[in-house]
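> Fold the following, please.
(one chain, ligands or ions: 2)
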Amino acid sequence: MSSVKNLALLAIDQGTTSTRAILFSVQGEILAVSQKELKLLHPHKGWIEQHPGDLWEDTLWVCRNVIADAQRSDIKIAGIGITNQRETTVIWDRETGEPIYNAIVWQDRRTADLCDTIKKSGHEQQITKKTGLLVDPYFSATKIAWILDHIEGARQRAEKGELAFGTVDTFLLWKLTQGKAHTTDITNASRTLLFNIVTRQWDNDLLQLFNIPAGMLPNVSDNVAFFGETKPELLGAAYVIGGMAGDQHAALVGQGCFESGMIKATYGTGCFALMNTGHNCTISSNKLLTTIGYRIGGDTCYALEGSIFTAGAAVQWLRDNLGLLSDAAQSEAVALSVTDSNEVYFVPAFTGLGAPYWKPNARAAITGISRESTSAHVVRAALEAQGYQSRDLIEAMESELNSTDTSEALRIDGGMAGNTFVCQFLADMLGRTVEIPEVMESTAWGAAALAGLYSGLFNSLDNISRTWVCARRYTPQMAEDERNKLYAGWKHAVQAVLN
Ligand SMILES: Nc1ncnc2c1ncn2[C@@H]1O[C@H](COP(=O)(O)OP(=O)(O)O)[C@@H](O)[C@H]1O
Ligand SMILES: O=P(O)(O)OC[C@H](O)CO
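Numbers count the residues shown, from 1 in each chain. Ligands and ions are numbered 1, 2, ... in the order given. As a prediction, the model looks like this:
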């Protein structure tokens, strides 16, 4: 018989940059990891795609690796949790399981004109009231419409019920269950622009507006549920998938942000700050998104979200396109090799600007370059941009609620949270304590914890909260006038980009 000691939870974390499988103990300790970098395709300016085959095969590969590790160590897997890059859209043939087009990634801007037309038609307010979102190419609805309108025969086939739509969670679940489950979870559904977060159902008016046949949509489930069982021929056994959530929502769970006012920010490819607002589903007046934080046991917890499209991706660009870095981690030493950015600002609007600006056609800029500027100033400015962008978001959140209702500390995670310069600059720019948990893989841990709730290894959110232990804490060190002066320079640079 297995004791809790040799039981583990397997998280599949399918991110924009890489696919990971992580085996966690019930305490949140990492027992095994397997990771594979993922390629982004740029077929045209503003288009960003991924091969659905890579999404699936990489998932299979990383899962098989950690399952082999578990077997070697005599560890029994109690359940699987799936978490994923959100909004990214896949459409496949129900019969063969074959995608009819590449996955259109959340950062893709090809539907900016369609979004403009919808905005001009005066529907945005109604859409926001139902979905908590804004009309932007970021979300899935216009990506689905684009595929149906550009791939020969797709619309007719979708209308006949031959095609299935899914975000990455749904696509992977379909593959893992070999077509038995066509299901998404409520957090991923809430990012499509087709899901009414008040009635918690697909919305017929929105389906009509975006011209999307209802028959292609998945079932929607709470975050803790029986999502399906893996086919034994794929992973060697029938593992139960008991937890599923979009990556930012899973991180909210993994960071133990279960009380209203608690905020987490994840710095991966992009940066996403979510503030728990409890049962309060208020629509933002500061261009933040209202989204479902999680829904467990029929109880819905809402969140306000600030979405920044480019965070770590700017570091990748400095590494791959400018050759200024040999790896992402080197950015820390380079930034610290100069005392300041010498008035250089880097506005990383590579794929438009997200919250609180929402300008899909904005483009990145480096401003304030002088004869004294060096590559170190540019690298430092790219890291500092995370502090400025985060301040934009946190200030918007503060003005949404009474600022005393937001918790003082910001819990952060994601690849960039490993950069001590970024963490200190964040604390300085926000004037808040920044905390990093011992379990740095908050997203994957959140997905594992959801599966743990399903399998009975956890019996309440309190059990999950107790696994959160602070590993590092950064307190603000910068003088108030300095931080305000630097931030004013950022606002100026953003204005130049917006103009
Ligand atoms: N030490 C570091 N300093 C700065 N950026 C980093 C560091 N480590 C990773 N990154 C950046 O973080 C991103 C990867 O983070 P991750 O959380 O794995 O992303 P995702 O979930 O989007 O796939 C990459 O864009 C990378 O450039
Ligand atoms: O892959 P990440 O971690 O940058 O997350 C992507 C987001 O879910 C997009 O909304």
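> Test my guess that residue 349 contacts residue 364.
Yes: in this structure, residue 349 is within contact of residue 364 by Cβ atoms under 8 Å, at 4.7 Å. Bear in mind the C-beta positions are built from the backbone N, C-alpha and C, glycine included.
> more neighbours, these two?
Shown here are residue 349 and residue 364; by other Cβ atoms under 10 Å, residue 349 has more neighbours (23 against 18).
> quick one: contacts for that one?
For residue 349, the contact set (Cβ atoms under 8 Å, 6 or more residues apart in numbering) comprises 309-310, 359, 362-365, 497.
> Buried ones among those?
Neighbour counting by 16 or more other Cβ atoms under 10 Å classes 309-310, 362, 364, 497 among those as buried.
> nearest to ligand 1, of those residues?
Ligand 1 lies nearest to residue 310 out of these, by Cβ to the nearest ligand atom, at 9.0 Å.
> how many other residues sit next to the closest residue in space to that closest one that isn't next to it in sequence?
Leaving aside its chain neighbours, residue 310 sits nearest to residue 348 (3.9 Å; criterion: Cβ to Cβ, 6 or more residues apart in numbering). By the other Cβ under 10 Å criterion, the neighbourhood of residue 348 contains 24 residues.
> Tell me which residue lies farthest from the centre of the chain.
Relative to the centre of the chain, the most outlying C-alpha is that of residue 371, 38.5 Å out, by Cα atoms, centre = their mean.
> if we can go back for a sec, return the subset of the contacts of residue 349 lying in helices.
Members of the contacts of residue 349 lying in helices (criterion: DSSP state H): residue 497.
> farthest pair in the contacts of residue 349?
Largest separation among the contacts of residue 349 by Cβ to Cβ: 309 and 365, giving 14.5 Å.
> The residue nearest to residue 177 when sequence neighbours are not counted pairs with what?
Nearest residue to residue 177, sequence neighbours excluded (Cβ to Cβ, 6+ apart): residue 228, at 3.9 Å. Beta bridges link residue 228 to residue 241, judged by DSSP bridges.
> can you check residue 302 too?
Beta-bridge partners, per DSSP bridges, of residue 302: residue 278, residue 292.
> hmm, back to that, give the intersection of the neighbour lists for residue 349 and residue 364.
What both residue 349 and residue 364 touch, as defined by Cβ under 8 Å, 6+ apart, is the set 310, 497.
> Ligand 2 contacts on this protein?
Listed as neighbours of ligand 2 in the chain under the rule Cβ under 6 Å from any ligand atom: 15-16, 85-87, 106, 246-248, 268-270, 272.
> Is any residue of stretch 472-483 near ligand 1?
No: applying Cβ under 6 Å from any ligand atom, one finds stretch 472-483 separated from ligand 1 by no less than 13.6 Å.
> May I see the buried residues of that stretch?
474, 476, 478, 483.
> ok, the first one touching residue 425?
The one in question is residue 474. No: counting by Cβ under 8 Å, residue 425 is not a contact partner of residue 474; they are 9.0 Å apart.
> Tell me the secondary structure at residue 473.
strand (DSSP: H, G, I helix; E, B strand; the rest coil).
> how close does it get to residue 275?
20 Å (Cβ to Cβ, to the nearest Å).
> dump the residue contacts of the nearest residue to residue 56 once chain neighbours are set aside.
Leaving aside its sequence neighbours, residue 56 sits nearest to residue 175 (Cβ to Cβ, 6+ apart; 5.0 Å). Going by Cβ under 8 Å, 6+ apart, residue 175 touches 56, 59, 97.
> in what helix or strand does residue 175 lie?
helix 168-176 (DSSP states H and E).
> Tell me the buried residues in that helix?
Within helix 168-176, judged by 16+ other Cβ under 10 Å, the buried ones are 168-176.
> now swap in stretch 117-124 and tell me
Using 16+ other Cβ under 10 Å as the test for burial, stretch 117-124 gives 118, 123-124.
> measure it end to end?
End-to-end distance of stretch 117-124: 10 Å, with Cα to Cα, to the nearest Å as the criterion.
> Going along the chain, name the helices of the stretch 301-450 of the chain.
With DSSP state H, counting those that start in this stretch as the criterion, the stretch 301-450 of the chain has helices at 312-320, 330-336, 375-400, 420-430, 442-455.
> Just the CA coordinates for the shortest one, please, in CSV.
Looking back up the chat, that one is helix 330-336. The C-alpha trace of helix 330-336 is given here as CSV (Å, rounded to 0.1, in the frame of the first residue of the first chain):
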residue,chain,number,x,y,z
GLN,A,330,23.3,37.0,-17.6
SER,A,331,21.1,40.1,-17.8
GLU,A,332,21.3,40.4,-14.0
ALA,A,333,25.1,40.9,-14.0
VAL,A,334,25.0,43.2,-17.0
ALA,A,335,22.3,45.4,-15.5
LEU,A,336,24.3,45.6,-12.3
